[in-house]
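Participant: quick one, structure for this:
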Amino acid sequence: MLPQPGVFHFLWEICSGTVNEGSAVRTFGRLTDYDAEISKADLSVHHNSIDYHLRVLTSLVEPFEVQIGAKYLVLGEMETTTDHAPLKLSIKLMDTFCTTRQWRFNPILLQDQDFVKFIKEQIDFFFSTNTTDEVSNGTVWDAFKAYIRGQIISYSAGLKRRINNEILLLVDKIKEDDKKYAISPSKELYKHKVELQLEHSLLLTSLIENQLMRTRSDFCIHSDKSGKLLANQLKFDSVKRQITKIRKQDDTFTVDHVGINQTFQEFYTSLYHSDFPHDSNFMHDFLSKLSFPKLSPEDCLSLETSISEEEIITAISSLNSGKAPGPDGFTVEF
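Facilitator: Numbers count the residues shown, from 1 in each chain. Prediction:
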């Protein structure tokens, strides 16, 4: 039995006993722990300075993508369990999903002249329609980013469908040419087949470029968060950073970990030791003789003026390409 559409129960409502045992509920929370051996996961929500926890049985949906710290939505039946905790509930999962991937603009689309023309038309249409004195520039700009993002997603989806259809059509043509070439080989037929294979390879290359871009995006998003990617990085980093032996000051080597630590201590103690005399008068005399450059009054006034549009354009143009986008997903190239 499923709960009513659009009906959610908060974790603090479930933990307070307002939901009867055996009832179908829909709730959500942040994943704090997962044990694959016993097929159990823990969700938590912070509300009114109190942390509420929920035990979830995951045997019906395994394997699923686990991301500690991400928000999950769960749907299932209530079942009270006796645990060491004052109150702990479990839900038999029927469906679950993680937070969606953050959208990111694909700069490869800028190489498509049809796309550039389409986007320019959409930009002119939006600002000509929505630029009024009644709405602030910040509101118009935020609305524009949402609108143009939808147009880009729509164009990208249509482009992907066309490329996939062209790939399937090329595969059928290549198979047909192979059959004809096996029966009656000729130079013209072989040349035509090579041209089809080249076109097929170019289309596959464009798809691979998109996948590589998404891989870089995933690495940027998940590289510093708890998960399998970070665990593998730390595993290899710990192996590479392990020091098995070190050369001492007398040019002898030591493999003992106590000797290695002592060698490091001696090296950095000598490195950061200051030979400067602890005399404040000597330091004052030394600094008073230095001549530091100073800004003229004209330079001070020029620095306090408002930032011009030309300076903003110059700063944006000087940014390096291929960098991670901001929260809106738009890269420097766009």
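Participant: and for residue 142, the neighbour number?
Facilitator: If you count neighbours by other C-beta atoms under 10 Å, residue 142 ends up with 12. C-beta: built from backbone N, CA, C; applies to glycine.
Participant: any idea which element it lies in?
Facilitator: Taking DSSP states H and E as the criterion, residue 142 maps to helix 137-183.
Participant: counting contacts, what elements does that helix pack onto?
Facilitator: Judged by 3 or more C-beta pairs under 8 Å, 6 or more residues apart in numbering; DSSP states H and E, helix 137-183 is in contact with helix 113-130, helix 187-222.
Participant: in a markdown table, list these along with distance to residue 57.
Facilitator: A markdown table is the format used below for those (distance: least, C-beta to C-beta, whole Å):
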| stretch | distance to residue 57 |
| --- | --- |
| helix 113-130 | 47 |
| helix 187-222 | 26 |
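Participant: Throw the ones you listed into TSV and include mean pLDDT, thanks.
Facilitator: Below are the helices and strands packed on helix 137-183 laid out as TSV (pLDDT from 0 to 100):
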stretch	mean pLDDT
helix 113-130	87
helix 187-222	75
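Participant: for those helices, which one sits closest to residue 164?
Facilitator: helix 187-222 (8.4 Å; C-beta to C-beta).
Participant: ok, back up a step: and the angle from the helix holding residue 142 to helix 113-130?
Facilitator: Angle, helix 137-183 to helix 113-130, by axes from the mean of the first three to the mean of the last three C-alpha atoms, to 10 degrees: 160 degrees.
Participant: got the helices and strands packed on helix 137-183 as JSON lines, with mean neighbour count columns?
Facilitator: Below are these laid out as JSON lines (neighbours: other C-beta atoms under 10 Å):
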{"stretch": "helix 113-130", "mean neighbour count": "12"}
{"stretch": "helix 187-222", "mean neighbour count": "13"}
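Participant: out of these, which comes closest to residue 73?
Facilitator: Ranking the helices and strands packed on helix 137-183 by their distance to residue 73 (criterion: C-beta to C-beta) puts helix 187-222 first, at 19.9 Å.
Participant: tell me who's in contact with residue 153.
Facilitator: Going by C-beta atoms under 8 Å, 6 or more residues apart in numbering, residue 153 touches residue 103.
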